[in-house]
Each structure stands twice: as C-alpha cells, then as structure tokens.
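Visitor: everything below, folded, please.
(chains A and B)
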Number of protein chains: 2
Amino acid sequence: MNSLFSAVETVDVRFPTSEDFAGSDAMHPEPDYSAAYLVIRTTDPDAPSGAGFAFTLGRGNEVQLAAIRALEGHLVGRPVDDVLADMGAFARELSGDSQLRWLGPEKGVLQMAVSAVVNAVWDLYAHRERKPLWKLLADLTPEAIVALVDFRYLGDVLTREEALTLLRERASGKAARKAHLLRDGYPAYTTSPGWLGYDDEKLERLCREAVAGGWNHVKIKVGRDIEDDVRRCRIARGVLGPNRKLMLDANQYWDADEAIRNMARLAEFDPRWIEEPTHPDDILGHAAIAEAIRPVLVATGEHLPNRVVFKQFLRAGAMGICQIDACRSGGVSEVIADLLLAAKYGIPVCPHAGGVGLCELVQHLAMFDYVAVSGTLDGRVIEYVDGLHEHFVDPVVVEHGHYRAPLRAGFSATMREASLARYVFPHGPAWRAMRKGQHAVR
Amino acid sequence: MNSLFSAVETVDVRFPTSEDFAGSDAMHPEPDYSAAYLVIRTTDPDAPSGAGFAFTLGRGNEVQLAAIRALEGHLVGRPVDDVLADMGAFARELSGDSQLRWLGPEKGVLQMAVSAVVNAVWDLYAHRERKPLWKLLADLTPEAIVALVDFRYLGDVLTREEALTLLRERASGKAARKAHLLRDGYPAYTTSPGWLGYDDEKLERLCREAVAGGWNHVKIKVGRDIEDDVRRCRIARGVLGPNRKLMLDANQYWDADEAIRNMARLAEFDPRWIEEPTHPDDILGHAAIAEAIRPVLVATGEHLPNRVVFKQFLRAGAMGICQIDACRSGGVSEVIADLLLAAKYGIPVCPHAGGVGLCELVQHLAMFDYVAVSGTLDGRVIEYVDGLHEHFVDPVVVEHGHYRAPLRAGFSATMREASLARYVFPHGPAWRAMRKGQHAVR
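Guide: Here you go, the predicted model:
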C-alpha cells in the first residue's frame, strides 16, 4: 500500500487559563495555554492519521501555525513508507531546509514547528505499528536508534560509535525494565500546588492535598520577590516534612549573581534543584550558579532549542538535571540525541511537562530513555501538572505519584474533536463567550 | 501634536536571487533574498512614517510577517511621543511580552520581528529629528544611550555604570571622529566575488575587478569541499597579492574538529578570519577553534539572537570579530548592548551585511559605534555585497572600499514603491513571470 501524505491540517486551539492563574510564574504571569495543533492525513482512508502540536502561551499561536504550514511541502505528496523508513533523514531535512533554516537556525518558532511535524509523523508511525511510541522506540535496535540521530556538530563529545556502544550495553536489561515499567510506572513530581499567582493559603492546601495523594516530589515557583520565596518555601517544606523532595523553579527571573545570592537564602529548605535560575542562553552563568550552590542542582532544558545547546550545558557543567521538552527542540529524533548526551555525562533526565499535552508526550520519551538509554530511574521524575488532560483522547494516567505506562497505540497526541471545536481561536464558543478585549494584548 | 501610531502595514517582498547563485554558500545553496517589510503609520498625515524589515531567504517570509503582525498591539493606538521618549522600555516591552516570549525567548522568528518593529520606529524617529540614524544616536548623551540598553542578564560582565564610564571616556573625541567619518567614510570589505556557486573563472575575474575597484578586503565562501576551498583560496590570494586582506566564511558547515583541521590547510593563504566555522550555538566549539587557529580570528554574530549569547561568546574567548546584524538580534537597542560588550572586551565590530538592505542598516550602527562607543576604526570593516541596493530610496554609497556616511534623515530602510509592487510575493509581476513551480520547496 504505497499511500502518500495528502494534507497537513492545522487548528489554533487556545484555553483561557489566565482566568485563574494556573500556569502563572515569574516570567509568564498570565498565560493562555495553547496548542498550534496539526493532523497529518494520507491518501489511504483506512490508514491512521498522525497528530502533533506546539505548545504556546496564547498570543503568537497563529505565528506558530504559519511555521507548521511552511513545512508542509516536505510532506504532502511523498510516499508514507519512504518517510517512515528513514525518520532521521526526514527530521534532518526539515531542520535543514536551506531557506527556512535562516529563521533559526534550529531555534524558536521554526524549530518548534519542526518538532510538531516530526512528532505528528511519529504518532502516525506508532499508530500504524499498533504500539505506544515509547515501546516502538524501545523495541528498535541500537543501530536503528542511532540512525535517528543527527550527530552533526556533536562529534567532539559524542560519536555515532560511542552512542552505539552505550545503547548495546543497555540492551541486555531492556526486557526487565519494560516489565518493571508496566508494573510500577514511572515516578513523577507535581507542579500543581505552587503557581506564583496562588496565595499562601492555597499553596498550603494544595501541598497538603499532594501529600495526601501520595506525591513525594513537589515543585513550587519562585523568583519575583525573595521574601515571598522564603515564606512560600517555608510553607511547602513545612507540609512536605523533611523527607519528601522540594524543587524550585525561577523561570529565568534572576541574573546569575542574583540567583547565587537568593539560593543561599533558600538553601535552608533543602531544595533538590533550582530550575531555570537565569536566562536560558546564559550557559556560563548557569555553570557559575551550579558551582556556587552545590549540592543543590541546576535544572534546565525546557527552553533549549537543539542538541548543540544541550551539548554546551553538559560540557560546561551547567546542567545537573536535563529537562527535555517534547515540543521545542526538534521532536523525537532530536530528543534522542539529547538523551544520549545526558547519558554520556551521567545527568538525570527529568522531562518538562504541563502546558497543553506535554505530559502526554514526554511520558513516552522518559520511558524510552529508561528502557533503552539511561537504564535507570535513579533520580528521575517526570513533571506532572493537573490540567487540560481531559482534552486528549488518550490522557496520562497518574497514580500515587507515578505515570502509568501508556498502552494504547500512538504518541498520545490526539485531541478530542469536541475540545478542538470548543476552543478554536478566535471563533470557538469558549472564546465567543468571553468578554470582548479581556484577552487583548497588554 | 500628540499623534498616535495608527497602523503597521506589511509586505511580503521576495527577489528570485537563486536564479544566478548570488548569495550561495555552504548551507544556503539557493536563497531567494527576501524582506518581511513593514511600514508604521501615525494619525498625523504630515508626520513621517517608519520603515523596517526582517531579512529572510524566501520560504518562511510569510511566517516572519505573521510574527511582525503579532507585535502590532504594542504599537497601534499609542501616543508616538510616549514611545519615542523611552525607546529602551519599548524594546524591552516587545521582547518581554509575557505570552510571545515563550516562542523564543529572544530568538528566532519572534526576535527578528522585534528587530524589524524596533528598527521601523527608529527610522520614524530619525526622520522626525531630520537626522540620519547614526548621527541621531551619536548625538545622544551617555546617559541617554545607556537608557536604551537592557542590562538584565549582563550584570556579571557589564553594568550600567561601567557602560556609562566607557561612553563618557569616548565622549571627548566625538566631534573629531564625526568629521573624519564625513570626510573619509568607513572602511568596507566585499563579499561579492566569492559566492560558492561561482566557478573559478568567475571568482578570479570578480577578484580582479574588486582590486581594480579599490578594495583592500575580500571575503570568499568555503566549506563544502576542502580541496575546492584550497584551490579557491589560492586563486583569490593570487589576485589579491600578499598585502590585501582575505577573509573566509564557512557558513556553519563544519564540525568544530573539522574546522580546526581545515583551517590548518587554509592557513597558508593568510586569512584574516574564518567566519561561522561551525554551528552558531556551539560556543565552546568556537572557543576551541579560536584557540587552535591563532593568529587567524574567529568571526561570528550574524546568527546570534541576543545580547546574552554575545556575552557567552565574548566571555568564552570564542569571538575574535563581532559581527552584529541589524535585523536578527532585537534591533537598534539590543545591538547597542552588543557594541558595549564588544568594546568592553576590546573585540572589533565588523557588521554582517548583504541580503536585502542589511548594508543600508548596518552602516548606521557601525558609524555610531565608531563615533560614540569603540572610538576607533582599527581592524574594523563593514561587509559590502553588491546587490539589491537599487530597491532602496536611500541606498548605500560605497567608493574605493569605503561606505560614505549617509546624510539623509532616517535609517535608510525605505524601499521604493515600484520595487514593492514588482516583487510582492506571490502575485507581483516579477513572480508571475517565473515558470510555475520553479521556486517550489526542495
């Protein structure tokens, strides 16, 4: 069945999350969590389609969709089998488009569009193979996995041969790790209690609920005001007790020097990590912070656009926790490069999630990492945020602080038709119902 | 006259430059030089408008325009005087939009859009003040200049106070440097002879013409094949003789190790610099190359998205020549931060130009740098590419290898109405005349 890719359909989906400050942090006080959503169709009406998306904060979602549409010429009209037979080459072709590349290179809106399209094709692929994506990837041979990776610009720290050796070493325990994963799930942490827009009472109540719900890891937002941060950390640590893990997230708010000073104040609350202490491009700043605040770790990654930047952070000792993102840095193939780099440096991968559908996607990547790449759960936790899962056909299942391994075919990326219809921007009923101008700029 | 900004008009302008390989390099074999062009209007029909643009390579220009339109809510309806009174705050507001920022942050399509809008407002400002932009900026007090700069995330290498001290030290010689500039112009180099798609005969002929035209600095493209590079360098150096400067540009084609190996071969041709030897995100790779190839310098900057990344390169010793770009890294205000950083580290600024209108813009920035920031022309040259200037109302004037200082008011950003009408994509007559599909994807 030599079917062709026939269409890339896009939808501008936005949720008015700024209404209740869920998602609020030091740099993003009023996000409207949104998805630049796409569905890839083929000429075979009986074959599965593929869904993907880029996550955005509202304004600019239309720019993101334009970037996704700019890539459709690489897909529409091509035989599905040809593309699936070499997904590494397909991803390289997208990021390497010799005219579009100028708009990055490999960063920003274009790289997020590449991620969305690459992930949608992986979703289709996994549906066709009738496997959840994590299992499709974990079942690949080491040779097939390295064929997905673009080793260009990585040669000075990781060659194809080194990656192959690493994957072969991990191959022996794969069956046991798969069984463990299916039985116990993958450990998670929750960010839901600690959004910056929540008052102390709500923070305390949500921390209590998290503890009651079996969570051993809780993350709270910091950054705007150090006195507020101290008070909020005291509340959270008080509820969590001495043994549960507390993580902090400054969302880039501080200068490097400021981060070092403020973390000296917050050290008494024994945080496991400080996430995004400063601007995500300040690699040497992160390295200085990491050096100064030990044993607290520096966590970052959600804003890093590609494997070359991950390489900088790892080489510079600027990243103690590697927070891959499913929708920013080029999608599945590029994330595999990042997983291999993290494994080489022995840095735990704890994916960034939340937003719209990020939990649904990253669970697959973290589980593949455990089974085939890192081979361990030690110090690993996937972020979990309680929100918007009801809009997905195959939402995450989280129990007692663990993600259950998804069993349905695909990349869990498909949104419900009813949700798409209701939240399409600007004419969906959810938006028409809002008072005019309430979500305007500024 | 309290007029308001009333409209941001956009035009998708594309030139079919891939027809003759002008602009071809190792990563961009077939660019169609394009501009995501905008004009800012006000409610005062007698007041000047402002023009700006982002430069792209063709496909994706529509994405760039969508990003520019996403920013118009920050401008339309606001009093012109308020915005012009604090251009630093205006630029920070654009890059800091708490929803749009997620699409970068401060990189890629969104940062290029910020550059275009900020520059268009500066164009309007300079028209209103009846000064060329370089002179408007150079006439500002040190206090007014630092007010344009966002020092956030720079504190560990450059504070407002340090910048002020530096600018005050340079203030004394300003009048003499202005006079020198008006008399002798600003030294330039030409990239026109050495595009990668040109054969040896054309390369040699164009090098001879450059020498005959008074050029003392010529840059050629390298990267695809080292044997070709050796042969092309031999041709160029043969024509230039031992005393003129030869510069090389690999346009990111090499891995770091490969760059070091290849530059060992090319050292015999005594290049002044190698430009973009590897991926622009590989800061530590550039540092390793810089260390290995001394005294040849590493030049980079045209793909660096913001001041935080410039800070990385300078701190890491990864940049021997600082190549600011007018349209990528946030526009005038952000470039001033980069100029100050380069001055602090004593690194010569040699702007990236060519494309569509980049020569027109960067001449102003380099001249401001000379008069008010670096205070010297030593080792400084502005790139010059002979192409597309005829589409501008106030094109650059280059004589005997020097840019003449522009004397007309504005930022030289306005395109001719006839050019806009002819090259508007996809329905302008220049595009309708092309064979269908000739410029399609891939």
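
Visitor: what about the closest residue to A:Lys174 other than its chain neighbours, neighbour count?
Guide: Closest residue to A:Lys174 apart from its sequence neighbours, by C-beta to C-beta, 6 or more residues apart in numbering or on different chains: A:Val371 at 5.5 Å. (Each C-beta comes from the backbone N, C-alpha and C, glycine too.) The local packing of A:Val371 (other C-beta atoms under 10 Å in any protein chain shown) involves 24 other residues.

Visitor: A:Val371: what secondary structure?
Guide: Classification of A:Val371 by DSSP: H, G, I helix; E, B strand; the rest coil places it in helix.

Visitor: tell me how far whatever residue of the stretch 51-200 of chain A ends up closest to chain B lies from A:Gly330.
Guide: As assessed by C-beta to the nearest C-beta, chain B sits closest to A:Gly108 within the stretch 51-200 of chain A, at 1.6 Å. Per C-beta to C-beta, to the nearest Å, A:Gly108 is found 12 Å from A:Gly330.

Visitor: contacting residues around A:Leu75?
Guide: A:5, A:8, A:40, A:83, A:117, A:121 (C-beta atoms under 8 Å, 6 or more residues apart in numbering or on different chains).

Visitor: ok, the third one touching A:Leu124?
Guide: Yes: using C-beta atoms under 8 Å as the test, A:Ile40 is close enough to A:Leu124 to be in contact (5.9 Å).

Visitor: list residues touching both of these two?
Guide: Shared contacts of A:Ile40 and A:Leu124, defined by C-beta under 8 Å, 6+ apart, comprise A:49-50.

Visitor: more neighbours, the two?
Guide: A:Leu124 (27 against 23).

Visitor: find the helix or strand that that one is a member of.
Guide: helix A:108-128 (DSSP states H and E).

Visitor: any buried residues in that helix, and which?
Guide: Buried residues in helix A:108-128, counted by 16 or more other C-beta atoms under 10 Å in any protein chain shown: A:108-128.

Visitor: touching, A:Arg422 and A:Arg432? I think so.
Guide: No: assessed by C-beta under 8 Å, A:Arg422 is found out of contact with A:Arg432, at 10.2 Å.

Visitor: neighbour count for those two, which is higher?
Guide: A:Arg422 (16 against 9).

Visitor: residues contacting that one?
Guide: A:428-430.

Visitor: looking at those residues, spot the one nearest chain B.
Guide: Each of those was checked against chain B using C-beta to the nearest C-beta; the closest is A:Ala430, at 17.3 Å.

Visitor: please state the offset of the helix or strand hosting A:Leu340 from the chain centre?
Guide: Assigned by DSSP H and E, A:Leu340 belongs to helix A:332-345. Centroid separation for helix A:332-345 versus its chain: 13 Å, with C-alpha atoms, centre = their mean, to the nearest Å.

Visitor: for the next helix or strand after that helix, packing partners?
Guide: Next helix or strand after helix A:332-345 toward the C-terminus (DSSP H and E): helix A:358-368. With contacts taken as 3 or more C-beta pairs under 8 Å, 6 or more residues apart in numbering or on different chains; DSSP states H and E, helix A:358-368 sits against helix A:133-138, strand A:186-194, helix A:332-345, strand A:382-384, strand A:402-403.

Visitor: quick check: bridge partners of the nearest residue to A:Val76 once chain neighbours are set aside?
Guide: Closest residue to A:Val76 apart from its sequence neighbours, by C-beta to C-beta, 6+ apart: A:Phe5 at 5.4 Å. Counting by DSSP bridges, A:Phe5 is bridged to A:Thr42.

Visitor: what's A:Phe5 in contact with, if anything?
Guide: A:40-43, A:75-78, A:80, A:83.

Visitor: so which of those belong to helices?
Guide: A:80, A:83 (DSSP state H).

Visitor: which segments of chain A make up each domain?
Guide: The record's domain parsing of chain A by automatic domain parsing lists A:5-153+A:419-431, A:166-415.

Visitor: what segments of chain A are strands?
Guide: Using DSSP state E, the strands of chain A run over residues A:5-14, A:34-42, A:50-56, A:186-194, A:217-221, A:245-249, A:271-275, A:297-300, A:321-322, A:382-384, A:398-399, A:402-403.

Visitor: would CSV of those strands with mean pLDDT and distance to A:Arg232 be doable?
Guide: CSV is the format used below for the strands of chain A (pLDDT from 0 to 100; distance: least, C-beta to C-beta, whole Å):
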stretch, mean pLDDT, distance to A:Arg232
strand A:5-14, 98, 29
strand A:34-42, 98, 27
strand A:50-56, 98, 26
strand A:186-194, 95, 7
strand A:217-221, 96, 6
strand A:245-249, 98, 9
strand A:271-275, 98, 12
strand A:297-300, 98, 18
strand A:321-322, 98, 21
strand A:382-384, 98, 19
strand A:398-399, 96, 24
strand A:402-403, 98, 26
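
Visitor: just these: most buried one?
Guide: strand A:50-56 (a mean of 30; mean count of other C-beta atoms under 10 Å in any protein chain shown).

Visitor: ok, that one: who's next to it in the sheet?
Guide: Sheet pairing for strand A:50-56, assigned by DSSP bridges, gives strand A:34-42 (antiparallel).

Visitor: tell me how far the strand it pairs with lies from the chain's centre.
Guide: 17 Å.

Visitor: compute the inter-axis angle for that strand and helix A:358-368.
Guide: 60 degrees (axes from the mean of the first three to the mean of the last three C-alpha atoms, to 10 degrees).

Visitor: can you show me the helices along the stretch 151-300 of chain A?
Guide: In the stretch 151-300 of chain A, the segments counted as helices under DSSP state H, counting those that start in this stretch are A:160-171, A:174-184, A:200-212, A:226-240, A:256-266, A:283-293.

Visitor: okay if I get these as a markdown table plus mean pLDDT and mean neighbour count?
Guide: Below are the helices of the stretch 151-300 of chain A laid out as a markdown table (pLDDT from 0 to 100; neighbours: other C-beta atoms under 10 Å in any protein chain shown):
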| stretch | mean pLDDT | mean neighbour count |
| --- | --- | --- |
| helix A:160-171 | 97 | 16 |
| helix A:174-184 | 98 | 14 |
| helix A:200-212 | 96 | 16 |
| helix A:226-240 | 97 | 18 |
| helix A:256-266 | 98 | 19 |
| helix A:283-293 | 98 | 22 |
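
Visitor: TSV for those helices, including distance to B:Asp184?
Guide: Output for the helices of the stretch 151-300 of chain A, formatted as TSV (distance: least, C-beta to C-beta, whole Å):
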stretch	distance to B:Asp184
helix A:160-171	54
helix A:174-184	70
helix A:200-212	65
helix A:226-240	53
helix A:256-266	42
helix A:283-293	39
